[in-house]
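J.: model the structure of this input:
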Amino acid sequence: MATAAPQRLQHQIALVTGGSSGIGAGVCLALAAEGATVVVNYSHSPEGAEETVGEIEKAGGKAIALKADVSKEDDVLRMFSQIREQFGTLHILVSNAGIQEDAPFLDMTLEQWQKVLDVNLTGQFLCAREAAREFMRRGPQPEISKATGKIICMSSVHEVIPWAGHVNYATSKGGIMLLMKSMAQELAPHKIRVNSIGPGAIKTPINNEAWETPEAAKKLLELIPYGRIGEPDDIGKVAVWLASDEADYITGVTLFADGGMTLYPGFASNG
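T.: Modelled structure (predicted):
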């Protein structure tokens, strides 16, 4: 009789920001399925976070929900303090929380610009800084993980693809690219790995207008050579791998999970 494969993230504590829906929820479920105890962070949707926790517990995993606005330093510090009190430490951070406030460039307000940068970029800085501090405080646990800690930034194909009408969002993701690389360079000597995931089009509430009708889906698929729109679980599987010892020699890279969107399919027939 075949034996079940060992869980790759057993005995590890993982924090997923923005875990109440969409990609964040998919990442939470995937990490928990591999044995991690998951802290499901949320800002505005306790119902969504509790639903994610409930799904994890129903499948036999462990999870709790914690409220924090990642753009506020006091909230982030309190959240990390709560994690240490409940679990003693942290092993994995997936900085996923992100928002869109779309507007044409000429009409974009400073408030729309600042809000997106505060959550998408400053939020990643604050959470990654506190995670790295905790990893350094705890030190290596080679019996649990080869790396002292793992930080996974949720970026986007728009860290490399310009996006008219979304300059605040694209700027935040371009910033995440160099935030991630600079952190990876600085933290690698401490055996802290830092990488990003760059999702393409994924079926989530943040972009449902792009795929919810057959016409919209057909138009979107023109940008995806692989011929399908992604699911949150596609990103969850990448997060599990990047957090596992299988990826121990990988740091400072963005792994695009986009069905080929970054291949610029518009050039496939007339390059």
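J.: ok, Ala32 touching Ala59?
T.: Yes - when contacts are counted by C-beta atoms under 8 Å, Ala32 is listed as touching Ala59 (7.0 Å). Where C-beta positions appear, they are placed from N, C-alpha and C, glycine not excepted.
J.: hmm, who's touching the host helix or strand of Phe125?
T.: Phe125 is part of helix 123-138 when elements are defined by DSSP states H and E. Helix 123-138 is contacted from outside by 15, 17, 70-71, 73, 76-77, 80, 84, 89-91, 93, 95, 97, 148-149, 151, 153, 176, 179, 183, 187, 190, 192, 194, using C-beta atoms under 8 Å, 6 or more residues apart in numbering.
J.: mind listing what's buried in it?
T.: 123-128, 130-132, 134-135 (16 or more other C-beta atoms under 10 Å).
J.: can you list contacts of stretch 103-118?
T.: 71, 99-101, 164-165, 167-169, 171-172, 175.
J.: now the two most distant members of those.
T.: Ser71 and Ala164 (25.1 Å; C-beta to C-beta).
J.: what is the mean pLDDT for stretch 243-262?
T.: Mean pLDDT, stretch 243-262: 98.
J.: which parts of that stretch are buried?
T.: Across stretch 243-262, burial judged by 16+ other C-beta under 10 Å covers 243-244, 247, 251-259, 261-262.
J.: between Ser71 and Ala164, point out the one with more neighbours.
T.: Neighbour count, other C-beta atoms under 10 Å: between Ser71 and Ala164, Ser71 has more, with 23 against 8.
J.: show me the contacts for that one.
T.: Contacts of Ser71 by C-beta under 8 Å, 6+ apart are 118-119, 122-123, 126.
J.: what about 10 Å?
T.: For Ser71, the contact set (C-beta atoms under 10 Å, 6 or more residues apart in numbering) comprises 43, 97, 99, 114-126.
J.: how far does the helix or strand bottoming out on mean pLDDT in the chain sit from the chain's center?
T.: Every helix and strand of the chain was ranked by mean pLDDT, DSSP states H and E. The lowest is helix 214-221, at a mean of 87. Remark: helix 214-221 is offset 25 Å from the chain centroid, using C-alpha atoms, centre = their mean, to the nearest Å.
J.: quick one: buried residues of it?
T.: 220-221.
J.: again with stretch 149-166
T.: Residues of stretch 149-166 classed as buried by neighbour count (16+ other C-beta under 10 Å): 149-161, 166.
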